[in-house]
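A.B. asks: Okay, sequence plus prediction incoming.
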Amino acid sequence: MPDPDASALEHRRAWRQGLAVALATSAYGVSFGALATASGLDIWQTCVLSLLMFTGGSQFAFIGVIAAGGLAAAPAAITSSALLGVRNIAYGMRMAPVIGGSLRRRLAAAPFTIDESTAVALAQDAPRARRVGFWVTGVGIYVGWNLSTLLGALFGDVLGDPRAWGLDAAAAAAFLALLWPRLRGAQPIAVGIAAAVVAVVLTPALLPGLPVILAAVVALVVGWFDVGGRRARGPGASAGEAVR
C-alpha cells in the first residue's frame, strides 16, 4: 500500500519545484515584452504573441528576425520560430501518458506542454506528482510569462535599451541552463559545436533566420550519421552508456 505521508511529500515537492521554475522562467518575459516593442511591435501585438504562441524560444526567434530584417524577413521569422516550436510535439508525445484522461484533457494540456513543464513533470517519481508538476509549472509560467510580457511592453521605454540591462541575454542563458546537463556524451557535444559553427559563419551572409534553420539541418545530419553516437562507442560500450 502506498504510504500517504510519502505521497503527500511528493505532492508538495512537485508544487514547490513547479512554482520555483515558474517564477524563474516568468521573470525574463519582461525581456521579451521590452524587446518586442523595441523591434516595432505595439503592446497589443506583443501580448497577443505571448498569449497565442507561448513558447519562449520561438517568440525570441520571431522578434529577433523581424528586428534584424523587417517585414521582408517575415517568412524566415515564421519558419525559424516554427522550427523551434516543433520540439513541443515530441514533448506532447512523451507527456500524453503522464496527463492521461480524455482527449479533452490532453488538448487542454497542449498549450502548457513546454520545456519547463515537461522537465519538472519527469523529475517526479509518482504518477500523481508528475501530473501536479506538469500543471503547476505549465499554468504558472503561462500566467507569469504573459503578465511579465505586459510589464515589459508597457515599461520598455522606461527600461531603455534592453541590451544595456542584459535582458536580451536572458533567454540564451535559460536555454544554456537547459542544454548543459544534456551534454554528457560525444554526440550532443558534436551537434552543439557543428550547429554553432554553421550559425556563426552564415549569419553575416544570409537573411536573418536562415542560419538558424541551416544549423538545425546540420544538427539533424550529425544525428543521422550518428557522429559520436552509439556506433562510435564500439562494441564494448554498455547499454546504459549507449542511451545517454
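C.D. replies: Cool, the structure landed. Numbering: from 1, shown residues only.
A.B. asks: make it CA atoms for all contacts and neighbour counts henceforth
C.D. replies: Noted.
A.B. asks: got the CA coordinates for stretch 150-160 in PDB?
C.D. replies: Coordinates of each C-alpha in stretch 150-160 appear next as PDB, following Å, rounded to 0.1, in the frame of the first residue of the first chain:
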ATOM      1  CA  LEU A 150       2.800  43.100 -20.500                       C
ATOM      2  CA  LEU A 151       5.100  44.800 -17.900                       C
ATOM      3  CA  GLY A 152       8.000  44.700 -20.400                       C
ATOM      4  CA  ALA A 153       5.900  46.100 -23.200                       C
ATOM      5  CA  LEU A 154       4.400  48.900 -21.000                       C
ATOM      6  CA  PHE A 155       7.700  50.000 -19.400                       C
ATOM      7  CA  GLY A 156      10.100  49.200 -22.200                       C
ATOM      8  CA  ASP A 157      10.700  53.000 -22.700                       C
ATOM      9  CA  VAL A 158      11.500  53.400 -19.000                       C
ATOM     10  CA  LEU A 159      13.900  50.500 -19.100                       C
ATOM     11  CA  GLY A 160      15.600  51.900 -22.200                       C
END
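A.B. asks: gap between that stretch and the chain center?
C.D. replies: For stretch 150-160, the gap between its own C-alpha mean and the chain's C-alpha mean amounts to 23 Å (Cα atoms, centre = their mean, to the nearest Å).
A.B. asks: how about residue 150, what does it touch?
C.D. replies: 30, 33, 43, 46, 47 (Cα atoms under 8 Å, 6 or more residues apart in numbering).
A.B. asks: Identify the farthest-apart pair in the residues you listed.
C.D. replies: 30 and 43 (12.4 Å; Cα to Cα).
A.B. asks: Give me the common contacts of those two.
C.D. replies: Common neighbours of residue 30 and residue 43 (Cα under 8 Å, 6+ apart) are 150, 153.
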